[in-house]
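Chemist: pasting the sequence and the predicted coordinates here, then a few questions.
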Amino acid sequence: MSLHEITIAIMQFIEHHQVWALPIIFLLAFGESLAVISLLVPATAILFGVGALIGSGAISFVPVLITASVGAILGDLVSYWLGKHYHQQVIASWPLNKHPKLVYRAEQFFQRYGTLGVFIGRFFGPLRAIVPLIAGTMHMPTTKFNLANIASAPVWAFVLLAPGAFGVPWLETLLG
């Protein structure tokens, strides 16, 4: 099954089983923000699609925004905790040991930007999967990490959801 087929299937499930929409969105945002797992989960594409469901009126924007934000915050927090408590063991484990350049780039990115790097890192695919983990391994103070994590999650969720949520009605108005 292709990424596109998975995305369509999940969006159709959400549309037809709306009671499951928020738990699924939480899990997608959590998985997208969790170290390493985000490299395997096609959550970004699905969350863009969820934005289109919002735009069509199938689900409501604010609960989805809050749910995606909380999932992202908790995913990054777990990643940070793993890095802080398991340091180099995590970096030396599969699959990160197969991607030393990614780890190196994330370390350099974090060293250069610090707290701002945690905020910015959320918006860049492969870095999103590892910056919180690296912040933990490099002993970033928890308060600074939480500040960047909590501030960036709603912005990230909005950026993913807004094009579909607000673009679809706007486009229909423009073309109508």
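Modeler: Structure's in. What do you need?

Chemist: next secondary structure after the helix or strand of the chain with the lowest mean pLDDT?
Modeler: Ranking every helix and strand in the chain by mean pLDDT, DSSP states H and E puts helix 125-128 at the bottom, with a mean of 76. Later in the chain than helix 125-128, the nearest helix or strand by DSSP states H and E is helix 131-137.

Chemist: sorry, back to before: for the least confident helix or strand of the chain, name the packing helices and strands.
Modeler: On a contact count with 3 or more C-beta pairs under 8 Å, 6 or more residues apart in numbering; DSSP states H and E, helix 125-128 meets helix 100-121. Where you see a C-beta, it was placed from the backbone N, CA and C, and this is true even at glycine.

Chemist: elements contacting the helix it packs on?
Modeler: Here helix 100-121 touches helix 125-128, helix 131-137, helix 142-175, going by 3+ C-beta pairs under 8 Å, 6+ apart.

Chemist: my guess is Gly83 meets Ala135, correct?
Modeler: Yes: at 6.5 Å, Gly83 and Ala135 qualify as touching, with contact defined as C-beta atoms under 8 Å.

Chemist: buried residues in stretch 116-131, which are they?
Modeler: 117-122, 127-131 (16 or more other C-beta atoms under 10 Å).

Chemist: now distance to Leu34 too, for those residues, in JSON lines please.
Modeler: Listed next are the buried residues of stretch 116-131 as JSON lines, based on distance: C-beta to C-beta, whole Å:
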{"residue": "Gly117", "distance to Leu34": "18"}
{"residue": "Val118", "distance to Leu34": "15"}
{"residue": "Phe119", "distance to Leu34": "18"}
{"residue": "Ile120", "distance to Leu34": "18"}
{"residue": "Gly121", "distance to Leu34": "14"}
{"residue": "Arg122", "distance to Leu34": "12"}
{"residue": "Leu127", "distance to Leu34": "14"}
{"residue": "Arg128", "distance to Leu34": "10"}
{"residue": "Ala129", "distance to Leu34": "8"}
{"residue": "Ile130", "distance to Leu34": "11"}
{"residue": "Val131", "distance to Leu34": "12"}
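
Chemist: what's the closest of those residues to Thr44?
Modeler: The nearest member of the buried residues of stretch 116-131 to Thr44, counting by C-beta to C-beta, is Arg128 at 8.9 Å.

Chemist: gap between whichever strand or helix holds Gln12 and the chain center?
Modeler: Assigned by DSSP H and E, Gln12 falls within helix 3-16. In terms of C-alpha atoms, centre = their mean, to the nearest Å, the centre of helix 3-16 is found 18 Å from the chain centre.
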